[in-house]
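Colleague: The following comprises the amino acid sequence and a computationally predicted model.
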Amino acid sequence: MHILVSNDDGIHSEGILALEETLKSVGEVYTVAPDRERNAVSHALTLHRPLRIDEIAPRRFAVNGTPTDCVNLAVKGFLPVRPDMVVSGINKGPNLGDDITYSGTVAAAIEGALLGIPSLAVSVVGLRTDYRFGPAAEFAASLAAHVAANGLPANTLLNVNVPNLDRSELKGYRFTHQGKRLYGEKIEVCPNPRGKHYYWISGDDLGFDPQEGSDCVAVNEGYISVTPLHVDLTNYQALQSMRGTRLPWH
């Protein structure tokens with residue numbers, strides 16, 4: 001089995017190194033990841049400039065592009081084999097609720113799913129320092145082995161969030177739905193020396209909507225959350241109700 005590993009924290013991140021090491025027990029690992037941090041780039045694909053790939057170690061490649069670029073290049077012919085699975089991570093910080101729409105980590109797994117490959121995204125939910133990658137890496141390897149044996153539904157990926165706890169402190173895992181995180185809306189405006197303004201997009205973390213069965217609730221209670229995501233974004237319930245709608249247009 002051939003496993004493609006990527007992320008959005010960059011190829012030198014401690015999280016991707018931990019993930020590579022544990023996945024070696026599941027299959028042959030190839031890593032194709034950004035050459036630097038590419039956080040919050042979502043599913044961006046680089047079309048306005050050429051991409052460069054540098055081999056920094058055997059089966060480890062750095063790309064001057066986005067996580068989506070990395071998976072796209074790897075699957076469409078750069079690697080000598082087509083991957084049987086894509087595993088993205090381990091991300092420093094949560095990809096819960098609305099985070100998934102911004103996440104480069106999740107986008108790498110989405111790209112894998114779009115290309116017909118079973119895919120996982122793995123994140124550690126915690127502070128900006130002192131991340132415990134070991135438990136997340138071990139769980140990712142166990143989940144990857146299960147998916148290799150049992151597969152996933154078409155156009156589906158798994159988004160995994162692991163509390164930043166020691167293995168003995170984790171309560172287990174739950175299969176969850178996407179929750180809703182809450183942020184304060186804030187734009188910081190700062191003057192530059194020439195009197196012009198520049199802007200920082202920011203916002204305070206105000207917690208989450210405590211929806212029963214959500215990824216946010218599971219992680220808050222000390223459980224690993226595993227959320228199946230579907231790359232078909234159609235709201236079929238809304239579609240059904242809108243099919244009888246008559247618009248004032250002819």
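Modeller: Cool, got the structure. Numbers count the residues shown, from 1 in each chain.

Colleague: which residues touch the closest residue to residue 158 other than its chain neighbours?
Modeller: In space, and not counting its chain neighbours, residue 158 is closest to residue 120: 4.9 Å by CB to CB, 6 or more residues apart in numbering. All C-beta spots, glycine's among them, are computed from the backbone N, C-alpha and C. Residues in contact with residue 120 (CB atoms under 8 Å, 6 or more residues apart in numbering) are 85-89, 109, 140, 143-144, 147, 157-160.

Colleague: Residue 122 too?
Modeller: Per CB under 8 Å, 6+ apart, neighbours of residue 122: 19, 87-91, 105, 136-137, 139-140, 160, 162.

Colleague: what would the contacts of residue 120 look like in a markdown table with distance to residue 180, neighbour count and secondary structure?
Modeller: Formatted as a markdown table, the contacts of residue 120 follow (distance: CB to CB, whole Å; neighbours: other CB atoms under 10 Å; DSSP: H, G, I helix; E, B strand; the rest coil):
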| residue | distance to residue 180 | neighbour count | secondary structure |
| --- | --- | --- | --- |
| 85 | 29 | 22 | strand |
| 86 | 27 | 28 | strand |
| 87 | 26 | 35 | strand |
| 88 | 23 | 36 | strand |
| 89 | 22 | 32 | strand |
| 109 | 21 | 31 | helix |
| 140 | 25 | 28 | helix |
| 143 | 24 | 19 | helix |
| 144 | 28 | 26 | helix |
| 147 | 27 | 19 | helix |
| 157 | 20 | 28 | strand |
| 158 | 20 | 23 | strand |
| 159 | 15 | 28 | strand |
| 160 | 19 | 27 | strand |
